[in-house]
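Colleague: any chance you could fold what I've pasted below:
(2 chains)
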Amino acid sequence: MKTMRSAFEKPGSIPEDMNSAVALSIAVRDAVALGEERLVLMLRFSALPRARRLGNQAALLRTSWEPLNSTARVKSFKLPGGDLVALGLPNAAAALEEHRAALFSMLGEEEANHAVQMLRLPAQAAAVLALVHDSLGFTTALGAIGLKQSGDEQPDGAAIAAAERALAGVDLSTFVRRQRIVWLEPGGANTRLLWEDRRVNLPQICERLMERADLSLPKAFAERLPQELRDMRASALPLRVESIFAPAFLRLDALIPQSQRQKLLIAFNASDILAAPELFLLARKFLNARGYRLILEASGPMAALALPSLRAGFAFLRLIWSDDFPTANSNADAVLRDRIAYPAEHVVLAGADSPAAIAWGWEAGIRMFQGRLIESQRPLG
Amino acid sequence: MIASIMDSDQFPAGASRTSPASITEALRRAMRPRDGRAALRVAPGHQPELQRIIFCLLRETADLKGGSLLEIAPDDWLLTEAPTPEAERLQALISKLLPESQVQLLPLPQSKAVLGGFLGAVPAPKFLDLPAPAPVSLLGLEARLGRINLAQVLARRSYVTLSAQGDPALRLQRLALDTAALRQALGNYAEDPSLLRHAQSDLQEKLLAALGEPESRTGLLGGALAAPLLVDMQAALLPEVSENNVDAGEAATSTALYATLALHEAISLENLAARRAFLKRDAWGIAITGLSAAALPLLNLQALPADFLLLEWCEELTERTSAKLFARLDPSRLILDACDGDAAISFGLGLGIQHYGGPWVEDLVAARRMNLCPEAQRCTRAECRNRGLAAAASGRMGCHMPHLLEAVLPKASA
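Modeller: Sure thing, here's the model as predicted:
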């Protein structure tokens, strides 16, 4: 596995030969449009064995090309990736043929057959243009597009509308899942309940109502909450950034006494925040002024690294465990642990459904956990 | 939406109390000679979200501490009275949300003359007029989407480097959805953000399919690719790591296509860093858009696995960003987008940014292209610019030198 660090630091590179490739394709199409005859000699480095493409050998091949440029009858192009193309008038045939023979003598017969080609315009224009696209990497890149045949999986408009109608009549409390967040130390000392996470179990709703269609978090959940405030302990409530400004939340806000507000933790998803950063900054000011505390939910290490939770003003980072977490002792793992070296009071590892998850968390200095494994323990507090 | 808050009986100046008489009454009460009170006058601004939270804060104080909430004018609200400590606390809080000049504390009864001024001038107080948007029906959306001509809602944009003399050289092209054109094509479906996103994702998928067909690709680009291409796409469309390229074959020598992901989509792809390495073999790179002035202070740029980061120019960038933010980032990875003038370019040059895009750049590109064009006197700059941006053949019509248009920014020698 490549280390994350090296993957981050490679800057993009843009070949300077791009203009040359465009000029060649224009020249080719001109010749075709006007029905003019041209000879095209191509040397494709990409079709040569590695040894030929590098160092002295490559330099030799390139130097041998130079005399071709000395005549006005031939125009040479260097494509991105290094391939060389000479476009010649019909009266340059001898010079081009001579150079082709020279290339054959410098390369082995078999190598040359692969890498050296003489083509004619306008008849073989398609082959020349294909080479240009090849050298730009365009062909490779397009070949890699794996368009998913997702037609049957994506719900169409009518299906979503039906699902919305179905959802409107549903008592969401059936789907609210409560999970405890506990402080857990190696050895089991000091174990205590910190707060309760309440969220609508979206996958379950989707499964029940709409067969895989995905919906954003129902705002209706916030409307149910006031009834639960009477027995409120510290709770975490995941909301979308826009929901903070919805009447449902503002009404809820008015119902919670100032002294109780710090018990309510508002959780925002990192992706939601970055989809509307301006709105988030406003929501943060408002929520902080009102005394709520914020949790950043990161779907994984990448989101947690990209959006540093402490700097962005969050009381907690809720990192959701998945099997994608770097395996222990890998470089990426080290980088990740280094970067989430936050105080133990700051990071919650959610989805802790296996001892491996908790072990990883302990090693990373995490002491707050949430998940099925935690739920299966005896009641706390 | 706000209407439902207004309907609640918690609003002190509720429907039953909106008559001019009740306003007069509330103001007279505020002006009575009793110390230790203050009124608060707030200009909430025009952002609906901000209006709503300010409204809630004012209303809460009015509910708990007495006083009435009045609307003097659409952007001018008055909390008629509150105990001084409460009013000051509220002023401090609102000052965190609004510029201080938009919040004014009026000590009572000293300021009764000011309040008196409202007695006559006050129109019937109007509640915040923010009707909930009517739900947009989904029916017919798919048919509408099917009728959209992809090329008409795309723009072929250019990104350049600038020489010391200010001469542009084309470095990247981009096929991006033109949001204004898309909104127009979608009609009222575009008013629902989720439907707009659905349409974008659908069209981005079609764009990839169109790029795969030589004929439609040539149509969109107006010919050959003149530079590596940024292709806007949703995270789900990013090419998978193909099994057979993991250890077979050599890496591509150059990058032809850059999958261009919105910031919030990019950070949801946990394996993006690993995938990027494999994509490179297939001549794909990654670019990330949506780095706005608001997003930057929240981000750790080093952690974004991308070849290019597209920074959106706006005035606030100069205030909100520091050189420190970019210090550890190779400026060759940054592209300053949405450049609209000299201020943008000097900001970018100050940070060592090399790549620029946006309306100012499109103007520059059109101007340089016309310098080289023998037929230039037959067209205006705006025509040349719009034809260069067009992804539809119809949008390029009228150009007498399509080869120059194809090359975007031909070399002087070409």
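
Colleague: around chain B, pick out the residues from the stretch 251-381 of chain A.
Modeller: Selection of the stretch 251-381 of chain A residues close to chain B by CB under 8 Å from any CB of the partner chain yields A:251, A:253-254, A:270-275, A:277-282, A:285-286, A:289, A:299-303, A:305-308, A:311-312, A:322, A:324, A:339. Yep, even glycine has a C-beta here, placed from its N, CA and C like the rest.

Colleague: phi first, then psi, for the residue of the stretch 1-150 of chain B found nearest chain A.
Modeller: Closest contact between the stretch 1-150 of chain B and chain A, by CB to the nearest CB, is at B:Leu138 (3.4 Å). Backbone dihedrals for B:Leu138, given as degrees, to the nearest 10, come out at phi -90, psi -10.

Colleague: what is the burial count for it?
Modeller: Counted by other CB atoms under 10 Å in any protein chain shown, the residues lying close to B:Leu138 total 21.

Colleague: so it makes contact with B:Leu195?
Modeller: Yes - if you go by CB atoms under 8 Å, B:Leu138 and B:Leu195 touch, sitting 7.0 Å apart.

Colleague: run a quick neighbour tally on whichever residue of the stretch 151-300 of chain B sits closest to chain A.
Modeller: Nearest residue of the stretch 151-300 of chain B to chain A (CB to the nearest CB) works out as B:Ala283 at 3.1 Å. B:Ala283 has 26 neighbouring residues, counting by other CB under 10 Å.

Colleague: correct me if wrong: it contacts B:Thr255.
Modeller: Yes - contact criterion CB under 8 Å: B:Ala283 and B:Thr255 qualify, at 5.6 Å.

Colleague: where's the residue of the stretch 151-300 of chain B closest to chain A relative to A:Pro80, distance?
Modeller: B:Ala283 sits 10 Å away from A:Pro80, going by CB to CB, to the nearest Å.

Colleague: helix/strand/coil for residue 289?
Modeller: With no chain named, the answer covers chain A. Classification of A:Ala289 by DSSP: H, G, I helix; E, B strand; the rest coil places it in helix.

Colleague: can you look at chain B instead?
Modeller: strand.

Colleague: not counting its neighbours along the chain, what's nearest it?
Modeller: B:Leu310 (4.4 Å; CB to CB, 6 or more residues apart in numbering or on different chains).

Colleague: go on, B:Pro331?
Modeller: Using CB to CB, 6+ apart, the nearest residue to B:Pro331 is B:Gly352, at 3.7 Å.

Colleague: number of nearby residues for B:Arg28?
Modeller: B:Arg28: 14 neighbours (other CB under 10 Å).

Colleague: revised request: answer the last question for A:Pro67.
Modeller: Neighbour count for A:Pro67, taken as other CB under 10 Å: 13.

Colleague: mind listing what it touches?
Modeller: A:Pro67 sits next to A:His99 when contact means CB atoms under 8 Å, 6 or more residues apart in numbering or on different chains.

Colleague: pLDDT at it, what is it?
Modeller: Among the per-residue scores, A:Pro67 shows a pLDDT of 82.

Colleague: next: the one 4 residues further on.
Modeller: As summarised for this prediction, A:Thr71 has a pLDDT of 77.

Colleague: pretty sure it sits against A:Ala92.
Modeller: Yes - counting by CB under 8 Å, A:Ala92 is a contact partner of A:Thr71 at 6.6 Å.

Colleague: hang on, the earlier thing: got the phi and psi for the residue of the stretch 151-300 of chain B closest to chain A?
Modeller: phi 70, psi 20.

Colleague: B:Gly395 belongs to a helix, doesn't it?
Modeller: Yes - B:Gly395: assigned to a helix according to three-state DSSP.

Colleague: for it, grab the count of nearby residues.
Modeller: By other CB under 10 Å, the residues close to B:Gly395 number 19.
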